[in-house]
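Undergrad: need coordinates for the below:
(2 chains)
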Amino acid sequence: MRYLLRRSAHAAFLLLGVSLLAFAFTVLVPGSYFDEMRLNPQIAPETIVALRSRYELDRPLPVRYVHWVIWLAHGDMGFSFAYNTPVAPLLLVRARNTLLLTVTAMLLAWGIALPLGIWSADHLGGLPDRLLSWGTAALLLIPDLALALGLLVIAVKTRRLPTGGMVSPNFENLSFFGKASDLLLHMTLPVAALVLSVLPLLVRHVRAAVGEVLVAPFLLAAEGHGIPRRTLLYRYALAAAANPLIALFGFSLGTLLSGSLLIEVVMSWPGLGSFLLEAILARDIYVVIGGVLLSTLFLVGGNFLADLLLYWADPRIRTERSA
Amino acid sequence: MSGWFVVLVALHALVIFAGFFAPYDPTEQDRRRPYLPPMRLHFLDNRGHFHARPFAYALKLGEGSFDQYEEDIGRALPLKFMVRGANYRLLGLLPSRLHLFGAEEERIYLLGSDAYGRDQLSRFLYGGRVSLFAGLLGAGVTVLLGLCVGAAAGYYGGWRDDLLMRLAELFLALPWLYLLFALRAFLPLAVSPLEAFFLIIAVLGAVGWARPARLVRGVVLSAKERDFVHAARGFGATDGYLLRRHILPATSTVLLTQAAILVPQFILAEMTLSFLGLGVPEPVPSWGNLLSSLQQYSVLVSYWWMYLPALIMLPFFLGYLGLGSELQERTGPCKIEGRLGGLE
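TA: Sure, this is the predicted structure:
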């Protein structure tokens, strides 16, 4: 229990720190969203001053931070200047889309990496294993950007898959299954890019972790008892190798979040990444802060989930007494 | 000397001496030849005769088309070596006009041309300067920053250690591309290419310092308890002397390995920023903004060769990946880091 408490305190500390950091950086911002307005002769200078004071851009930073935290406690993430609406609803829709992408990619990547890595570890040194190693090394080599663009080029050439957006223009008129399949079709490309970007890393780690365990005496004993190979690999070897893999789980989430930022822009997926880019270019600071914080929240949440898993999987941590 | 290192030096020489290896000036436009496909080099002409000197056919517009080119069999452009062409400064100093190759009658485009008829090959080579050196200098700044922070935290310990390491954890907690974005968001947008270049390096350094700092701290913690360090302190050595002579040299392998891992990541980071329009602006080429035209659907559909630079830069990444894992193996058992992952 103490372990979990410590982990949650750590997560809270991280969120607090990131929000402070994000706010501190806003001081460095040269200019603001309203600077563009100032160039517009149709807008009176008084209006801009009024707007600035309404959004508290003229207040000192600590005051703004405290107010922002109070807003946040009320479920308000500030105001988007560019969209002229509160940030929270905008951001939540985008965050949902990003999560849809990253969680699917995450499940898929692990779903492929586990059997592949275990199989590879079981056939360590064989020709298929070596081919797989070469394959993952090659994938590791290709930059995400090149990978995403390459997939796009292929999709465009074959004309089979939609190359941008989240749904077709006639989405509203489709039946439920039509909607689902349309969404799936649009997800294919970005998810494929994301999966391919993390897959080599995962396969390599699974292979290394399981391969290390496979030579352990207890597995030899289990084999001697006539336990079927499949049970041996998936129940005994995987459980013993789980520890580093769970740590990797939380970490792969961060990789995926970063990767999705780029891939969303390239594949025009209406997620957090493309939204954030827009906000940066428009100097829409509350959107930027909210977006960065939300992505940190995902990451911290993922790491917390990994901690929970570790707590469940590793009896050593459960029985740990020292703080 | 490792093989990977030699490969990398050779590849970097290509880019450093871009003026010589690139046939044309990267910003020189030819508005009559937008989106020219890559010219193929031939040894056999259309009658089947062999020529020792490779040649390309000039391209002409196809019948009734405005962007489909075909080879003009009548006009062969023999490839000439060591030709005089556009002015450049070798290493930024020596003025020269010598180019490795070129053609006499017309410009030849081995990688095709972009929307303004600029030679993609020349842009790739010159762009490599920006991208590779942003990566190298960014890694240098990062490692230096990590060294200072890690040494301070490890050597002095106490509250300084706590403070610095908590801060490092903060930086490690953020998804690094978001962090990069956030930092870039809070810096000026419209800047000159040179300013943008240094801005990117500064941002990269600010993003990546946490991991080397943690590693350096670990090394310093163990190094400062070594017997000869205690002995030196007993003889009255100052903190500065101890750090300089006995402790920091122990961190060199860690730093070198970190640098080899960081450079390709930072090249990618620069590419990402420039690709999205947050990095080095046109007309200066960088690997990122070379690819950014692919954001337009029409380019993606019609002009596939705009994608070629992404393929040609792979050997550079291969070199760094090889060097990084070799250094890691040499310094001890350590897991292979992911491209994006290594920053954690």
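Undergrad: now do the contacts for residue 192.
TA: As the question left the chain open, I've gone with chain A. residue A:151 (Cβ atoms under 8 Å, 6 or more residues apart in numbering or on different chains). In short, each C-beta sits where N, CA and C put it, glycine included.
Undergrad: I was after chain B.
TA: residue B:281.
Undergrad: and it, what pLDDT?
TA: The per-residue pLDDT reported for residue B:192 equals 82.
Undergrad: where's the residue nearest to the spatial centre of chain B relative to chain A, distance?
TA: In chain B, the residue lying closest to the centroid (Cα atoms, centre = their mean) is residue B:132, at 2.2 Å. Separation of residue B:132 from chain A (Cβ to the nearest Cβ, to the nearest Å) stands at 14 Å.
Undergrad: buried ones in whichever strand or helix holds that residue?
TA: Per DSSP states H and E, residue B:132 falls inside helix B:120-156. Along helix B:120-156, these residues count as buried under the neighbour rule (16 or more other Cβ atoms under 10 Å in any protein chain shown): B:120-143, B:145-147, B:149-155.
Undergrad: list the contacts of the nearest residue to residue A:292 once chain neighbours are set aside.
TA: On the basis of Cβ to Cβ, 6 or more residues apart in numbering or on different chains, the spatially nearest residue to residue A:292 that is not a chain neighbour turns out to be residue B:182, at 4.8 Å. Residue B:182 sits next to A:22, A:25, A:288, A:292, B:174 when contact means Cβ under 8 Å, 6+ apart.
Undergrad: just the buried residues of the strand or helix carrying the fourth one, please?
TA: Read it as residue A:292. Remark: residue A:292 resides in helix A:285-313, with elements defined by DSSP H and E. When burial is assessed from 16+ other Cβ under 10 Å, helix A:285-313 yields the following buried residues: A:285-296, A:298-300, A:302-304, A:306-307, A:309-311.
Undergrad: if you rank every helix and strand of chain A by mean pLDDT, what lands last?
TA: Averaged element by element with mean pLDDT, DSSP states H and E, chain A has its least confident helix or strand at helix A:33-38 (a mean of 71).
Undergrad: next secondary structure after that one?
TA: Following helix A:33-38 in sequence, per DSSP H and E, is helix A:45-54.
Undergrad: downstream of that next one, the next helix or strand is which one?
TA: Beyond helix A:45-54 on the C-terminal side, the first helix or strand identified by DSSP H and E is helix A:61-73.
Undergrad: look at the residue nearest to residue A:128 when sequence neighbours are not counted and report its pLDDT.
TA: Nearest in space to residue A:128, with sequence neighbours left out and distances taken as Cβ to Cβ, 6+ apart, is residue A:120 at 7.5 Å. In the predicted model, residue A:120 carries a pLDDT score of 88.
Undergrad: okay, residue A:120 and chain B: tell me how far apart.
TA: When Cβ to the nearest Cβ is applied, the distance between residue A:120 and chain B equals 14 Å.
Undergrad: quick one: the helix or strand bottoming out on mean pLDDT in chain B to helix A:285-313, angle?
TA: Taking mean pLDDT, DSSP H and E as the measure, chain B has helix B:176-185 as its least confident helix or strand, at a mean of 74. Angle of helix B:176-185 versus helix A:285-313, following axes from the mean of the first three to the mean of the last three Cα atoms, to 10 degrees, is 160 degrees.
Undergrad: get me the contact residues on the stretch 151-300 of chain B for chain A.
TA: Within the stretch 151-300 of chain B, the residues that sit near chain A (Cβ under 8 Å from any Cβ of the partner chain) are B:166-167, B:169-170, B:173-179, B:181-189, B:268, B:271-272, B:275-278, B:288, B:291, B:294-295, B:297, B:300.
Undergrad: buried among the residues you listed? Need that as a selection in ChimeraX.
TA: Isolation of the buried members of these (16+ other Cβ under 10 Å) is achieved in ChimeraX through the command below:
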select /B:167,170,173,174,175,176,177,178,179,181,182,183,184,185,186,187,189,268,271,272,275,276,277,278,288,291,294,295,300
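Undergrad: I'm done for today, thanks for sticking with me.
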